[in-house]
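Undergrad: got a predicted model here, sequence first, then my questions.
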Amino acid sequence: MMSDTIRAIILGIIEGVTEFLPVSSTGHMLLAERFFDLGEGEFWKSFTILIQLGAILAIVALYFFKLWRVAINMFSDPDARRFVIGVLIAFLPAVVLGLIAGKFIKGYLFNPWVVCFTLIVGGAILLWVDQLELEVREDDAMRFPLPMYLWIGVAQCLAMIPGVSRSGASIVAAMLLGADKRSAAEFSFFLAIPTMVGAFAYDFYKSHEDMTTGNLGIVAIGFVVSFITAMIVVKTFLTYVQRHGFVLFAWWRVIVGTLGLIALALGK
């Protein structure tokens, strides 16, 4: 039997690696639970949500000074205020859809078959977008037009289907709307902050009774591991996509999804 500490470390690494890459952290978590007996049980399902805060704090740490300038100038600087409004506009569609259809989505779509199919389809879309000769009109994630923020937020709603990828959906939408690869990726990071903090707060409220002293220690391990891993991945990811695009992540999705379908078909 795998110890809880080892399980927490493995899940923390999966979360930190996949949360900001366009490969779907939720999808990978579901497949890890299905094929490797990771994350089974109500506590571990909550654990995978709770350790997302570690990944989010990695973004806050990496962009601390930029976010701090926005925060202190929000009421005096029109550009800072406009960016905050833009993030809230992009965040709103996911909130509305989550309230309306969240239970239906979790009840019917959170299964390995859906994950594998969406991983493959999402990989094909990434390959297609990466090969397009898109006109770049925006290179600063903090200065996108307000309608662009809204459409990115609408696209992010697709990520409520496991396997789609929140970062993948927002990156693809931003690029199709005229953003370069770096700014598209950076805005997906910024948009993740309210989205994932909201998910964390909601799940912690639902599961706080399960958080015994021992469980809190396991969560802390996963939290720290996801924080450190996400820090490394985000810094590497931005440099990589500027030079090489998204082909690697697209093929990763296709391979994982295909292997998953084969395993499911074999009754694994």
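TA: The structure has been received and is ready for your questions.

Undergrad: chain center to the helix or strand of the chain with the lowest mean pLDDT: distance?
TA: When the helices and strands of the chain are compared on mean pLDDT, DSSP states H and E, helix 42-50 comes out lowest with a mean of 79. Using C-alpha atoms, centre = their mean, to the nearest Å, the mean C-alpha position of helix 42-50 is found 16 Å from that of the whole chain.

Undergrad: from the contact counts, what lies against the next helix or strand after that helix?
TA: Remark: after helix 42-50, the chain's next helix or strand is helix 52-62, criterion DSSP states H and E. Secondary-structure packing of helix 52-62 (3 or more C-beta pairs under 8 Å, 6 or more residues apart in numbering; DSSP states H and E): helix 4-18, helix 181-207, helix 213-244. Any C-beta I mention is one placed from the backbone N, CA and C, and that applies to glycine too.

Undergrad: pick the most deeply packed of these.
TA: helix 4-18 (a mean of 21; mean count of other C-beta atoms under 10 Å).

Undergrad: residues contacting that helix, please?
TA: 24-25, 28-29, 32, 38-39, 44, 47-48, 51-52, 54-55, 58, 218-219, 221-233 (C-beta atoms under 8 Å, 6 or more residues apart in numbering).

Undergrad: just want the angle from that helix to helix 52-62.
TA: Here the directions of helix 4-18 and helix 52-62 differ by 50 degrees (axes from the mean of the first three to the mean of the last three C-alpha atoms, to 10 degrees).

Undergrad: helix 4-18: how far from the chain's middle?
TA: Relative to the centre of its chain, helix 4-18 is centred 15 Å away, using C-alpha atoms, centre = their mean.

Undergrad: check stretch 62-74 too.
TA: Mean-position distance between stretch 62-74 and its chain equals 22 Å (C-alpha atoms, centre = their mean).

Undergrad: poorly predicted segments of the stretch 101-250 of the chain, please.
TA: For the stretch 101-250 of the chain, applying pLDDT under 70 flags the ranges 206-214.

Undergrad: could you dump the least confident helix or strand of the chain to CSV, C-alpha only?
TA: C-alpha atoms of helix 42-50 as CSV (Å, rounded to 0.1, in the frame of the first residue of the first chain):
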residue,chain,number,x,y,z
GLU,A,42,-13.8,11.9,-0.4
PHE,A,43,-10.7,13.3,1.3
TRP,A,44,-8.4,12.8,-1.6
LYS,A,45,-11.0,14.3,-4.0
SER,A,46,-10.9,17.4,-1.8
PHE,A,47,-7.2,17.2,-1.5
THR,A,48,-6.7,17.7,-5.3
ILE,A,49,-8.7,20.9,-5.0
LEU,A,50,-7.1,22.2,-1.9
